[in-house]
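**Q** Need a 3D model of the sequence below.
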Amino acid sequence: MDRSPKHEYYSTKFQIQDETINSTIDSLPLLVDINDNYKTIRELGSGTYGRVLLAYNRDQQQRFALKVLPKITTKFRDFQREYNYSMLLTPHRSIISTFETCYQTHDSFILVQEYAPLGDLFESIPPQKGLPEKHAKIIMKQIASALEFMHDKSLIHRDVKPENVMIFDADFHKVKLIDFGMTRKCGSYVRRLIGSIPYSPPEVCDATTNDILVTSAMDIWAFGVLLFCTLTGNFPWEHAQESDTYYNEFLMWQKRKRRKLPSQWFRFNPRLMRLFKKMLDPLPENRCEIHEICKYYDDRWINENVRRRPSNEDEGVEEDYSSGDSTNGTDLEELTKMLKDYGFDHQSENQLIHHPSIDIPNANNQITSDNLQFVNKHENGSDLLSHHNHYKYPPSSSTTIFYNTTSTTKSLFSN
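**A** Numbers count the residues shown, from 1 in each chain. Sure, this is the predicted structure:
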């Protein structure tokens, strides 16, 4: 753990405090007009929480991001909590830097934070395609490190999503986690919000009481969905409830009540699927800890060059799918193990291994393609990629689908 002088300073000065707020609203410097200290350049984003402005500080001759929270929707206590948490977490290299000076105007509270010139991760993910594996790994290492830093301090982010990951360079070597308006201490209780988003875990979606226990498992679930979105440019589901077809398919596979891996997960290597199973376990107590994710960084995540049978539409396309008796012991053992990881039983394994369309040396690519339909046809003949669960860039005036005084969710499923 980082014990630098900077870390010690922030840890000492900005304590984790939910129950006791030492300062009062009168202690905040009052700006009659934000333009007294800053030249506003443009609006970076907005939502029910308020808005974020790109501003130039005349004295420091530097650009900053100003998070402006209206007093009509933000209590001083909530602002103070977000400020304290933001300052406490500032020393970590993958968490946005918040500066000590904060302000109030007659109608708003203002946080001063560093500016990320390339926007958020949401805007960087190609819809229905996703980012290359190497970039996804670079991003996930940094966000996992940020979450581990938070969890070591018993703080749970509760709003991990692409919109809350800021990008500083085109190669993603510097990304930072932002927005601690929903952050709470592990073991505390929070009020249940109406509705859910794709990143909400089942224990939140299915909550029957108004009070929900805050645990690190919430962040692990959201991190798993974030990883899926980053690699695919799609959501795995709209909400983690059995009424959602795509979630239910994954849940049945997770519980081994379904042999076939749902089609939108075919592209992933079995080792990555093991990680997804640990992160997206329906029972929060069974999910892995954030530090366990580092065990999978050196693995291949995506099955590249997925091969498929030529269809009637593929005129003039020829591929050799014949394998003859070219199997060898090592490849066969690897394929058998992989099929078990994907949930196939012994009979289905034999059907696949001895089927003439399977080339054992290249089977890791082939079994993720549509030529597996001879074993188990997809019930509705479609998958997530052809439905509405994909990224849609938000309109110029961002809207929200669930009300929250400290955070916002872009309307991803609007028509």
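**Q** where do the helices sit along the stretch 201-350 of the chain?
**A** Here the stretch 201-350 of the chain has its helices, by DSSP state H, counting those that start in this stretch, at 202-205, 216-232, 245-254, 270-279, 329-341, 346-353.
**Q** Go through those helices and find the least confident stretch.
**A** Least confidently modelled of those is helix 346-353, at a mean of 55 by mean pLDDT.
**Q** Quick check: end-to-end length of stretch 254-269?
**A** 16 Å (C-alpha to C-alpha, to the nearest Å).
**Q** List the buried residues for that stretch?
**A** Neighbour-count burial for stretch 254-269 flags 254, 258-269 (criterion: 16 or more other C-beta atoms under 10 Å). For the C-beta atoms, the positions are set from N, CA and C on the backbone; glycine is no exception.
**Q** Which single one of these is nearest to residue 289?
**A** Nearest to residue 289 out of the buried residues of stretch 254-269 is residue 254 (C-beta to C-beta; 18.8 Å).
**Q** And for the closest residue to the closest one other than its chain neighbours, the neighbour number?
**A** Distances taken as C-beta to C-beta, 6 or more residues apart in numbering place residue 277 nearest to residue 254, at 6.2 Å, with adjacent residues excluded. Residue 277 has 17 neighbouring residues, counting by other C-beta atoms under 10 Å.
**Q** low-confidence ranges in the stretch 251-400 of the chain?
**A** The model of the stretch 251-400 of the chain has pLDDT under 70 over residues 305-400.
**Q** burial measure for residue 213, as a count.
**A** Residue 213 has 15 nearby residues by other C-beta under 10 Å.
**Q** For it, give its distance to residue 188.
**A** Distance of residue 213 to residue 188, given as C-beta to C-beta, to the nearest Å: 8 Å.
**Q** repeat for residue 203
**A** On the measure of C-beta to C-beta, residue 203 and residue 188 end up 15 Å apart.
**Q** So for those two, which residue has more residues nearby?
**A** More crowded of residue 203 and residue 188, by other C-beta under 10 Å: residue 203, with 18 against 15.
**Q** I'd like to know how far that one sits from residue 141.
**A** For residue 203, the distance to residue 141 - C-beta to C-beta - is 27 Å.
**Q** what comes up buried for the biggest helix by length in the chain?
**A** Ranked by number of residues, the top helix in the chain under DSSP state H is helix 133-152. Going by neighbour count (16+ other C-beta under 10 Å), the buried part of helix 133-152 is 133, 135-151.
**Q** Counting by contacts, list what it packs against.
**A** helix 76-89, strand 175-177, helix 216-232 (3 or more C-beta pairs under 8 Å, 6 or more residues apart in numbering; DSSP states H and E).
**Q** Turn these into TSV, columns for distance to residue 118 and mean neighbour count.
**A** Output for those, formatted as TSV (distance: least, C-beta to C-beta, whole Å; neighbours: other C-beta atoms under 10 Å):
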stretch	distance to residue 118	mean neighbour count
helix 76-89	21	21
strand 175-177	9	23
helix 216-232	15	24
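**Q** and the ones you listed as a markdown table, adding distance to residue 120?
**A** Formatted as a markdown table, those follow (distance: least, C-beta to C-beta, whole Å):
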| stretch | distance to residue 120 |
| --- | --- |
| helix 76-89 | 17 |
| strand 175-177 | 9 |
| helix 216-232 | 12 |
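**Q** Looking at those, which is nearest to residue 54?
**A** strand 175-177 (16.1 Å).
**Q** Could you spell out the sheet neighbours of the helix or strand following the closest one, each with its direction?
**A** Next along the chain after strand 175-177, taking DSSP states H and E as the criterion, comes strand 184-185. Here strand 184-185 is paired, per DSSP bridges, with strand 155-156 (antiparallel).
**Q** contacting residues around the strand it pairs with?
**A** 16, 85, 88-89, 150, 183-186, 214-216, 218-219 (C-beta atoms under 8 Å, 6 or more residues apart in numbering).
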